[in-house]
Every structure is written in structure tokens, then in C-alpha cells.
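A.B. asks: Structure for the following, please:
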Amino acid sequence: MTLENFLMMRHEIMLCLAAVIVLVGEIFVAEDKKKSLIPVALLAFAAVTIIGFIPVPVGELFGGMYRSSILTYAMKNILNLGVLIVFLQSAAWMKTETFADKISEYFILLLSTLIGMNFMISSGDFLMFYLGLELATIPLAALAAFDKFKNHSAEAGIKFILSSALSSGILLYGISMIYGSAGSIYFAEIATTFSNTPLQVFGLIFFIAGMGFKISLVPFHLWTADVYEGAPVTITAYFSVISKGAAAFIFTILLFTVFRPVSEIWQTILYVLAVSTMTIGNLFALRQNNIKRFLAFSSIAQAGFILLGIMGNSQL
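C.D. replies: Sure, this is the predicted structure:
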């Protein structure tokens with residue numbers, strides 16, 4: 001590993017260092033001074049966000065499993081800016097007596113899930129993609145259930161982890177079909193052999209279904225409102241913007257690289273999903289009496305609009 005290699009992975013390495021700083025602070029800071037970890041975590045993550053904008057070389061690592069480009073750097077910087085806003089929103093909330101003893105856990109879980117999203121965005125094969133996806137998902141379940149004094153929060157955590165397990169199983173099943181038919185898990189190699197054979201089309205459908213859970217596309221959206229309602233407000237913001245944004249980023253990348261040879265097939269699927277998501281999301285939003293559930297269905301409808309930007313299959 002050279003310095004250039006470390007610079008390519010600076011987002012992930014700096015996030016790990018920030019998590020270590022918070023962890024060391026948890027060990028050595030006295031119980032009655034744990035609130036001082038909040039500005040430390042904010043400053044550490046602000047430094048990570050700023051360093052992320054420094055131009056560095058692009059390339060591949062680990063035999064092509066990890067890829068960096070100007071586009072992936074831009075995506076990671078967008079996520080960092082969003083998480084920084086979430087951190088700033090959390091500052092006053094974490095100072096309350098309810099959460100004062102869980103400050104380090106909160107920041108470490110958030111940083112862990114962001115590390116997973118970064119690996120997912122920079123993945124060059126389905127193994128790195130799946131590992132990043134799981135690293136991003138499992139801490140989110142703990143964050144959804146973070147308010148242990150509310151039953152709705154615990155319910156949100158269990159609903160999210162169960163729906164995530166189901167969606168991950170569907171996604172992995174689709175990936176196994178793609179691997180079995182293409183003989184490789186590397187995106188570049190699969191793209192050269194992918195065609196409209198039945199097995200590969202089935203793999204594509206299962207892949208889109210699995211990602212549909214992550215982006216909250218209809219009919220894979222049923223967990224969204226309950227989880228958004230039960231999770232703490234700042235975690236709901238993280239779900240609706242950062243988590244969904246990362247999934248949309250990698251979904252777009254894979255559609256236009258791995259699955260480009262069958263774009264006419266996935267475009268048709270996305271047409272149906274987009275219309276269904278926009279229609280049902282907005283209609284169900286009209287019936288909500290809870291503001292967080294209302295925003296959850298608004299978020300579902302917006303996922304349909306995100307698909308509109310993907311379906312063009314051209315620069316325009």
C-alpha cells in the first residue's frame with residue numbers, strides 16, 4: 001500500500017479515525033463530562049468532510065474490488081455534508097438526560113453506517129457491494145431503536161431489521177443468479193457477458209426488488225412509515241436523505257454499468273415502479289394524521305421521481 005492508495009480511501013480511513021477518537025473519548029472521559037464528546041465528534045467529522053473535498057488520484061484497489069473516481073468522490077462528499085447537518089441537528093438532542101449516557105454509541109453507529117455506504121458506492125464487485133450494504137444496514141436498525149424508553153422506537157428497530165433481512169436475502173439471491181450465469185462477481189466482467197437470458201433477467205429482477213426495499217419503492221415500501229414514525233427525528237432524517245441517497249447512487253451506477261446491455265428491460269420495470277411509487281406515495285400521504293408518517297409517504301413518492309432521472313438512459 002502506497003500513500004496514493006491511502007489517499008484513494010481517505011473517506012473511509014478518516015471516518016474510521018473519527019470513530020476511534022469518539023471511542024477513546026468514551027473510555028477516558030469521566031461519566032459526568034460525557035457531553036464534551038459532542039463537540040469533539042462534530043469537529044472530527046467536520047474535518048473528515050473538509051478533507052473529502054481535497055483532489056486526489058483515482059484508481060482501483062484490491063484487484064478491482066474497490067474503485068474510486070471523480071463521481072464516487074462527489075457522491076461521498078454529498079453524503080458527508082448531509083451527515084454533518086444531521087450531526088448538528090443531534091447536538092441539542094444528545095444533551096438531554098435520556099441520551100446523555102449514549103452519546104458515543106450514537107456517533108459510532110452513524111459513522112459505521114456511513115463507512116458501509118462509502119464502501120458500497122466504491123465497490124467494484126458484488127462482494128464489496130454486499131459487505132458495504134450490510135455494514136450500512138445493521139447499525140441503522142440499532143439507530144432506529146435508539147430511544148429505548150419508547151415502544152414505537154423498539155418496534156421501528158425490529159421492523160427495519162426484519163425487512164432488511166428479507167430484502168438482503170432477495171438481493172443476494174439475485175446476485176447468485178447473476179454470478180452463476182456470468183461466472184464472475186466483478187462489475188466490468190459481468191457487463192461484457194450480461195444478456196437477456198432468462199436466468200440473468202431473473203437475477204436482474206431480484207436485484208431491483210432488493211434495492212427497491214432500500215429506496216422504498218412501491219410495493220417494497222411497507223416498512224417505511226412505521227420505521228420513520230418510531231425512530232428519533234434525527235435518525236428519520238438520516239433514513240430519508242443519507243440512506244436513501246446512498247442506495248440511489250449505487251443503484252444508478254449498477255444499472256448503467258453492469259445492466260446496460262439489457263437497459264430496455266430495466267427501463268420498462270422502472271416505468272411501472274416510478275408510476276406506482278409516485279401515485280401510491282402521494283395518495284397515502286393525504287390520509288396521514290402523523291407528520292412523520294406524512295413525510296415518510298412523501299419520501300416514498302420522491303423515490304419515484306428519483307427513478308425518472310434514471311430511466312432516460314442518456315446524458316440528456
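A.B. asks: packing partners for whichever strand or helix holds Ile250?
C.D. replies: In the assignment (DSSP states H and E), Ile250 maps to helix 244-257. Applying 3 or more C-beta pairs under 8 Å, 6 or more residues apart in numbering; DSSP states H and E, one finds that helix 244-257 makes contact with helix 70-94, helix 103-121, helix 126-144, helix 187-193, helix 198-215, helix 291-310. Any C-beta I mention is one placed from the backbone N, CA and C, and that applies to glycine too.
A.B. asks: Asp226: which of the ones you listed is closest?
C.D. replies: Among the helices and strands packed on helix 244-257, helix 291-310 comes nearest to Asp226, with 8.2 Å by C-beta to C-beta.
A.B. asks: Run through the neighbouring helices and strands of the closest one.
C.D. replies: helix 224-230, helix 233-237, helix 244-257, helix 263-286.
A.B. asks: Mean neighbour count, the ones you listed: which tops it?
C.D. replies: helix 224-230 (a mean of 24; mean count of other C-beta atoms under 10 Å).
A.B. asks: got a list of contacts for it?
C.D. replies: 144-145, 150, 152-157, 159-160, 216, 236, 239-240, 284, 288, 290, 292-293, 295-297, 299-300 (C-beta atoms under 8 Å, 6 or more residues apart in numbering).
A.B. asks: can you give me the mean pLDDT across it?
C.D. replies: The predicted model assigns helix 224-230 a mean pLDDT of 82.
A.B. asks: cool, and stretch 306-313?
C.D. replies: Here the average pLDDT along stretch 306-313 is 79.
A.B. asks: Low-confidence stretches in the stretch 1-150 of the chain?
C.D. replies: Within the stretch 1-150 of the chain, the ranges that satisfy pLDDT under 70 run 1, 97-101.
A.B. asks: if we can go back for a sec, quick one, which of the contacts of helix 224-230 are buried?
C.D. replies: 144-145, 153-157, 159-160, 216, 236, 239-240, 284, 288, 292-293, 295-297, 299-300 (16 or more other C-beta atoms under 10 Å).
A.B. asks: Report the central residue of this structure.
C.D. replies: Ser243 (3.5 Å; C-alpha atoms, centre = their mean).
A.B. asks: Next up, the contacts around that residue.
C.D. replies: Counted by C-beta under 8 Å, 6+ apart, Ser243 has contacts Thr113, Met117, Ala136, Leu140, Lys214.
A.B. asks: who wins for most neighbours among these?
C.D. replies: Of all those, Met117 has the most neighbours under the rule other C-beta atoms under 10 Å, reaching 28 neighbours.
A.B. asks: So that one sits against Thr137, correct?
C.D. replies: No: assessed by C-beta atoms under 8 Å, Met117 is found out of contact with Thr137, at 9.7 Å.
A.B. asks: wait, Leu295 sits on Phe239?
C.D. replies: No: Leu295 is beyond contact range of Phe239, at 10.5 Å (criterion: C-beta under 8 Å).
A.B. asks: and the longest helix along the chain, what does it pack onto?
C.D. replies: For the chain, the helix with the greatest residue count under DSSP state H is helix 151-182. Here helix 151-182 touches helix 126-144, helix 187-193, helix 198-215, helix 224-230, going by 3+ C-beta pairs under 8 Å, 6+ apart.
A.B. asks: highest average neighbour count across the ones you listed?
C.D. replies: Of all the helices and strands packed on helix 151-182, as judged by average neighbours under mean count of other C-beta under 10 Å, the leader is helix 224-230 with a mean of 24.
A.B. asks: Alright, that wraps it up for me.
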